[in-house]
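Peer 1: Everything below, folded, please.
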Amino acid sequence: MNSNMKSLVKFSGYISLIVYFCLVILKKPIDLIEYIELLSESVGLVIFIVLTYEKWLWRFNPLIKTPKFKKEYSGLLKYNYGGTLGEKEVEISIKQTLLSTRIKIKTDEIISKSITSEMLEEDGEYVLYYSYKTNPLSEYSDKNPIQFGTCRLLIDDVEQFQGQYWTSSKTIGDLYFKAKI
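Peer 2: Numbering: from 1, shown residues only. Below you'll find the predicted structure:
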């Protein structure tokens, strides 16, 4: 279980206790049935609170050290395909919650979307690994067909970061990203 999941479970436990005891104080149950009814009421409130926290509010928690990405970046992709070197300008969109990160990259030829992703801490630095599938525009599908790849991004600064990628078609390369203003 990664540290973000652990912190969410711990947060859920604390919130559950707080909500339940607040309901007990406010509603002053008399018998066991009323206490049990308060449990079900508190579960609904806790689910709402935890989902809201996981999606948005975690970004404001200073105890969560996971890098908090901006939404849009522009960048440069340097590639090596069979000895042919090249560069492409790219746009990257990152959608992030406490437990997930989705990445979408656009070039003039393809759109790639992450299939899985994982933020890890390696030697005190955060690294985002993700696997993706490319979807070429139809006019480029012959020379640049659908492929799968993996990317490793070193996140030492969420304003600008870089990494490497490799694909099922034996393309390798480097990526450089900078947050849009």
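Peer 1: all strands of the chain, in order?
Peer 2: With strands called from DSSP state E, the chain shows them at 72-81, 84-96, 101-106, 110-122, 125-136, 148-155, 160-167, 172-179.
Peer 1: Now mean neighbour count and mean pLDDT too, for these, in TSV please.
Peer 2: C-beta coordinates here come from the backbone N, C-alpha and C atoms, glycine included. Output for these, formatted as TSV (neighbours: other C-beta atoms under 10 Å; pLDDT from 0 to 100):
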stretch	mean neighbour count	mean pLDDT
strand 72-81	16	97
strand 84-96	15	97
strand 101-106	18	97
strand 110-122	16	96
strand 125-136	17	97
strand 148-155	17	98
strand 160-167	17	97
strand 172-179	18	98
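Peer 1: for these, which one sits closest to Trp58?
Peer 2: Trp58 lies closest to strand 84-96 among those, at 9.5 Å (C-beta to C-beta).
Peer 1: Contacts made by the closest one with the rest, please.
Peer 2: Strand 84-96 has contacts (C-beta atoms under 8 Å, 6 or more residues apart in numbering) with 68-79, 101-109, 175, 177.
Peer 1: cool, stretch 153-168 as well?
Peer 2: Stretch 153-168 is contacted from outside by 67-70, 119, 125-130, 134, 147-152, 171-179, using C-beta under 8 Å, 6+ apart.
Peer 1: Equivalent analysis for stretch 13-27, please.
Peer 2: Outside stretch 13-27, the residues that touch it by C-beta under 8 Å, 6+ apart are Glu34, Tyr35, Leu38, Leu39, Glu41, Ser42, Val43, Leu45, Val46, Ile49, Val50.
Peer 1: Tell me which residues of that stretch come out buried.
Peer 2: Buried residues in stretch 13-27, counted by 16 or more other C-beta atoms under 10 Å: Ile15, Ser16, Val19, Tyr20, Leu23.
Peer 1: Report the separation between the second one and Leu32.
Peer 2: Separation of Ser16 from Leu32 (C-beta to C-beta, to the nearest Å): 19 Å.
Peer 1: Give me the phi and psi angles of Lys143.
Peer 2: With angles defined as degrees, to the nearest 10, Lys143 sits at phi -90, psi -20.
Peer 1: Sorry, slip of the keys, the one I care about is Asp157.
Peer 2: Dihedral pair for Asp157: phi -160, psi 120, per degrees, to the nearest 10.
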